[in-house]
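# The following comprises the amino acid sequence and a computationally predicted model.
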Amino acid sequence: MSNLDNPILPKDNYIEAIRNSCNELYNEAEKDDLIKINDEGIDKFIEMIKSNNFEIFGKYYGTNNPLKVPLKFDTLEEELNFVALNALLAFGSGWRDELHEACNRGAANTIKFGIISMHISKMQYGTTNHMENLTITDISSIFQIPLLGEEETKENMPGVTVSTQHCLREFAEKIQYVFHKTALDLRKGGYKSLAQFIMHLINSTKDEIDRAEIILKGITNVLTVFQDSAIINGKEVFIFKKAQLFVYTLYTAFHNKYPLFDIKGIEKLTIFADNVIPTLLIHLDVIKTSSKVSKAIKNKENMSKTNIDVKLRAASIVACERIAKRLREQKIKYMDNEILETDIDTYIWNLGKEDKYRGLTRIINKNTIYY
């Protein structure tokens, strides 16, 4: 993925750039016989959505709201910072196995646990002062991530033991980096907190027709840890999973309570392509993979150098775009509402948490801060 010091950003419309670049990358992967979207699989997936009068789909419909937690917020600023951190820290999936073994929870729940802990402890979370001063020990304590591994006997020194570094220390360091880099970016822009930055974007775009696009662009341009892009075979690829999730959850969390957050153009967002969506789409036969890709997934290879994960994430964006198009063509709605790509994302992501699918081997990239 992109070097944060030399970001790769679209020249024009960001959402269009995501769609176009992912379609191009998918077409190349299909020509190389690596990945193929299966039309029959799409048809079966749609039948799955409709099954039992949308029973499972309806169960998860509209549930992507980080404020659905048993917490009391005193101010809108607190709520905004809470929602922002949920998007900012929505990564770590590559450490899923290690987190389950050491902490008995996966990446998403580890992050959720830490953010809730910060709120309960009344930390000034989301402020530049708090983020820039977080030490690696603070990260370990807040998110309950171990830094030290087993003790080993020192060679040639009987009776002397030394602590080894826990494999999850690298994940903790990435969390610390994201906090520090975000604080630096906010200071450069003259903002004291994520909440202040968000309110600037919300207020300055209130009269715009295509607000989702403009807010997405604002988030991605200012906060470099949201610049989820890559160059593959000389071509730029944009995914912006966390940035799109940020825009979407601002809408879902606040638009019913504050009209200012009724973000026009929200329906244009793509899915939030992480490790869960491609894994489920492969399992459900919507996406077919070559033996090379299947082997990499089965062997839990770190895909940071092969870019297989980027290709699968791009393919999942294209596949869900096609699913949404097919639903429109067949005039299939839920509660008289058009089923959007973001609705499909919420459905698939939650399916991935069910016992039936939870054990599926997922794609892995330990080097990323984007998913």
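Yep, it's here. Numbers count the residues shown, from 1 in each chain.

# What is the burial count for the spatially closest residue to L284 that is not a sequence neighbour?
Of all residues not flanking L284 in the chain, F45 sits nearest, at 5.7 Å (Cβ to Cβ, 6 or more residues apart in numbering). Every C-beta, even on glycine, is put in place using the N, C-alpha and C of the backbone. Neighbour count of F45, defined by other Cβ atoms under 10 Å: 23.

# my read is F45 is in a strand, agree?
No: counting by DSSP: H, G, I helix; E, B strand; the rest coil, F45 is not part of a strand but helix.

# Show the contacting residues for it.
Neighbour list for F45: 284, 286, 323 [criterion: Cβ atoms under 8 Å, 6 or more residues apart in numbering].

# again, but for R326
Applying Cβ under 8 Å, 6+ apart, the residues contacting R326 are 42-43, 46.

# before we move on, which element is it in?
helix 308-329 (DSSP states H and E).

# so how far is that helix from its chain's centroid?
16 Å (Cα atoms, centre = their mean, to the nearest Å).

# Dump it to PDB, keeping only the CA atoms.
Taking Å, rounded to 0.1, in the frame of the first residue of the first chain, the C-alpha atoms of helix 308-329 are listed here in PDB:
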ATOM      1  CA  ILE A 308      -3.000 -10.600  -3.500                       C
ATOM      2  CA  ASP A 309      -5.000  -9.000  -0.700                       C
ATOM      3  CA  VAL A 310      -5.400  -5.700  -2.700                       C
ATOM      4  CA  LYS A 311      -6.600  -7.700  -5.700                       C
ATOM      5  CA  LEU A 312      -9.200  -9.600  -3.600                       C
ATOM      6  CA  ARG A 313     -10.400  -6.400  -1.900                       C
ATOM      7  CA  ALA A 314     -10.700  -4.700  -5.300                       C
ATOM      8  CA  ALA A 315     -12.600  -7.700  -6.600                       C
ATOM      9  CA  SER A 316     -15.000  -7.600  -3.600                       C
ATOM     10  CA  ILE A 317     -15.800  -4.000  -4.400                       C
ATOM     11  CA  VAL A 318     -16.600  -4.900  -8.000                       C
ATOM     12  CA  ALA A 319     -18.600  -8.000  -7.000                       C
ATOM     13  CA  CYS A 320     -20.800  -6.000  -4.500                       C
ATOM     14  CA  GLU A 321     -21.200  -3.300  -7.100                       C
ATOM     15  CA  ARG A 322     -22.600  -5.900  -9.500                       C
ATOM     16  CA  ILE A 323     -24.800  -7.400  -6.700                       C
ATOM     17  CA  ALA A 324     -26.300  -4.000  -6.000                       C
ATOM     18  CA  LYS A 325     -26.900  -3.400  -9.800                       C
ATOM     19  CA  ARG A 326     -28.600  -6.900 -10.100                       C
ATOM     20  CA  LEU A 327     -30.800  -6.100  -7.200                       C
ATOM     21  CA  ARG A 328     -31.900  -2.800  -8.800                       C
ATOM     22  CA  GLU A 329     -32.500  -4.500 -12.200                       C
END
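
# just the strands in the stretch 101-250 of the chain please.
All strands of the stretch 101-250 of the chain, identified by DSSP state E, counting those that start in this stretch, fall at 148-153, 161-165, 229-232, 235-238.

# Would you indicate which residues of the last one are buried?
For strand 235-238, the neighbour count (16 or more other Cβ atoms under 10 Å) marks 236-238 as buried.

# Quickly run through the sheet partners of that strand, with directions.
strand 229-232 (antiparallel) (DSSP bridges).

# What mean pLDDT does the partner strand get?
Taken as a whole, strand 229-232 has an average pLDDT of 96.

# Surely E321 touches I18?
No: if you go by Cβ atoms under 8 Å, E321 and I18 don't touch, sitting 10.0 Å apart.

# Identify the contacts common to those two.
By Cβ under 8 Å, 6+ apart, the residues touching both E321 and I18 are T270.
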